[in-house]
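Q: Build me a structure from this.
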Amino acid sequence: MSAVFDASQPPFDRLTEAEIEFLQNAVDVEYFPPGATVAAAGQPCANLHVVLKGAIEERDGDEVVAILGPRDAFDSRAVVQGTMTRSFLAREESLIYQLPRDAVMTLVGKNDRFGAYFYLDISRKLDEIVRADEEARFGTLMRTHVRDLFIHPAHFIDSKDTIEAAGHKMRDINSNALFVRDGARVGVITGMNLSKAVVLKRMSIDEAVAPVTNYDVVTIAPDDFVFSALIAMTKHNKRRLAVKEGERWVGILEDIDVLSFLAGNSQLTAGRIDRASGIADLAVAAADVNEQVRRLRRQGVKADVISEIVSDLNRRLFTRTFEFTAHQDLRERACLVVMGSEGRGEQTLRTDQDNGLILSESVPETMLQEFRDSFTQALESFGFEPCPGGVMVKNPLWSRPLADYVADFRSWIALPQPESHMNVAIFYDAAAVAGRAELLHEAKTALIEMVRGERAYLAHFARAVDAFPSPIGFFRNIITTEGAGDALDLKKGGTFPIVHGVRSLALEHGLHETHTVARIARLVELNVLKAEFGRELTQAFQYLMSMRLDSALSKTPGTSSLTKPAELSSMDRELLRDAFGVVKQFREIIRRHFNLGVF
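A: Numbering: from 1, shown residues only. This next block holds a predicted model:
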């Protein structure tokens, strides 16, 4: 019997009106009683099936591997391959949309966004479908290129030209910045540079511009995206970027022009942090960081880019706080570090404090305690709650001399207890944000050398990948958290096993990278992970991070950030199953690699 097909669900929502009409003319609905075979393994694939009502068992031989419900589609791989690889049986009375394979393949050939759903490999499916979904969701805003913004044309002067000549040229071209040639070097000079030279340094207007020119120029290409310019401005603390195409200097992009395009700018927040005259000023800037996350996500910025921006802003914030709260003698003998997701550069929305201090030598206890108290209080005033586990500089365990850390490394490794494993994981993820970064490098090198070749210890350490049960059940259902309103914890069941499994392999191979994606890339380079699986693991991790961020942004502050699968589209549920399938496969890799079956 014929029926009106609901094309509002992904991937059918990627079809045009004409394509939907084409599909509607071909669709049929069929009734299957309990136990009836909808499609049999080994048989030619005649249709793409979509459950309208009822429940369908997906079988691999005699084993039931999944239970499919309303709005779930099957079997996309068979549609591409032409032959059913698994059988599908009605578990109860069911109504199934039957979409002829020929009609579906015609649409796949015409519509790339629709066709992405039918790719065979999980990583490509996650990559292409998520990209297409973000395009549909956010429009063209953050896909704008630098060339689409206003760029001040390139005008040059020589480094031997006078300050007066530079000022006249800026007036004539109505610009506040010029390129300066000094032999093979090219720098930038601004009106502010000229003003400071004359007013503050008492330089003559007849002197050359060379001494006041900035040669630390950050460049960007016209074809780069606006969000790349935003990241560069934030990371390098630049109000201007030089736009360069090959060897040709195109012009100058100013932050005010990016601001005219973007409502809300992380570079402005960075500027507030850098110009702060005290903790009160920093608190004002800190309050805007979370709002930046919301703005950027609304404007289509991917979660991994947001985490990079937030990481830069927070580290800048911590650096300034360190400058305001630490005595100079302490700053000269210490390294301030951040740990956890902040250390890995994977933080988005603000959570609790995860920080520490490494000292080159002992300092007066009164000086150290004063810093511990004032730094912690400052972060609390910014909205960073105290760490429940005490991983912060206020805790003497995490603010002490390097030699004391190294001594504890030995006991953490010799007595592998859960708390010791946690301490090693925390420290291994640390990143330096202020002070003497070489202290952290020396400490990590010592830790890596201590665990080198310690297979038994590394196996104990890696066991935490199984700390939380897999969200994929026996029938490939998504398992929700009991008592939490059928909700799903994406961190425990998804991102944590990836983060810790990758961390375990990275520690074993002595890597100094901290970001999970960077660690995966290095593990692929070392042939520890196969290139294709490394790509799948990266895509699954980034997709789960995006889902966590969107779930958190959709909730009222202070409420649960768990995800409810029932509120997701059938496409999102399928992508989650695919991502969790990769996580499950990765757990097995870790179990085999570290021989966890002996425990």
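Q: Quick check, residue 235 in contact with residue 312.
A: Yes. Judged on C-beta atoms under 8 Å, residue 235 makes contact with residue 312 at a distance of 5.2 Å. Every residue, glycine included, has its C-beta placed from N, CA and C.
Q: Could I get the full set of helices for the stretch 251-400 of the chain?
A: 255-261, 266-275, 279-298, 303-325, 328-331, 340-344, 365-382 (DSSP state H, counting those that start in this stretch).
Q: And residue 287, how far from residue 358?
A: Here the criterion is C-beta to C-beta, to the nearest Å. By it, residue 287 lies 29 Å from residue 358.
Q: which of the two has more neighbours?
A: Remark: of residue 287 and residue 358, residue 358 carries more neighbours, 27 against 12, as counted by other C-beta atoms under 10 Å.
Q: For beta bridges, what are the partners of that one?
A: Here residue 358 shows beta-bridge partners residue 335, residue 400, assigned using DSSP bridges.
Q: And the residue nearest the centre of the protein?
A: For the chain, the residue nearest the mean C-alpha position is residue 304 (2.3 Å; C-alpha atoms, centre = their mean).
Q: That one: what's it in contact with?
A: Residue 304 makes contacts with 517, 542, 545, as judged by C-beta atoms under 8 Å, 6 or more residues apart in numbering.
Q: Quick check: pLDDT value at it.
A: The pLDDT attached to residue 304 in the predicted structure is 83.
Q: Could you measure from it over to residue 155?
A: To residue 155, residue 304 is 37 Å away according to C-beta to C-beta.
Q: now do residue 69
A: Plainly put, residue 69 is 65 Å away from residue 155 if you go by C-beta to C-beta.
Q: Which residue, other than its chain neighbours, is closest to residue 204?
A: Taking C-beta to C-beta, 6 or more residues apart in numbering, and ignoring the residues beside it in sequence, residue 204 has residue 163 as its nearest neighbour in space, at 7.6 Å.
Q: Quick check: residue 488 touching residue 564?
A: Yes. Judged on C-beta under 8 Å, residue 488 makes contact with residue 564 at a distance of 7.1 Å.
Q: Would you mind telling me which of the two has the busier surroundings?
A: Under the criterion of other C-beta under 10 Å, the comparison of residue 488 against residue 564 puts residue 488 first, with 24 against 15.
Q: What residues are bridge-paired with the more buried one?
A: Listed beta-bridge partners, residue 488: residue 563 (assigned using DSSP bridges).
Q: and it, what pLDDT?
A: In the predicted model, residue 488 carries a pLDDT score of 75.
Q: Same check on residue 454?
A: In this model, residue 454 is scored at 88, pLDDT.
Q: what sits against it?
A: With contacts defined as C-beta under 8 Å, 6+ apart, the neighbours of residue 454 are residue 413.
Q: Could you check how far it is from residue 576?
A: If you measure residue 454 against residue 576 using C-beta to C-beta, the figure is 36 Å.
Q: Pop the domain breakdown of the protein in here.
A: Taking automatic domain parsing as the criterion, the chain consists of the domains 12-119, 146-261, 266-451, 458-598.
Q: Which one of those lies nearest to residue 6?
A: For these, the distance to residue 6 is smallest for domain 12-119, at 7.9 Å, taking C-beta to C-beta.
Q: quick one: average pLDDT of that closest one?
A: For domain 12-119, the mean pLDDT works out to 87.
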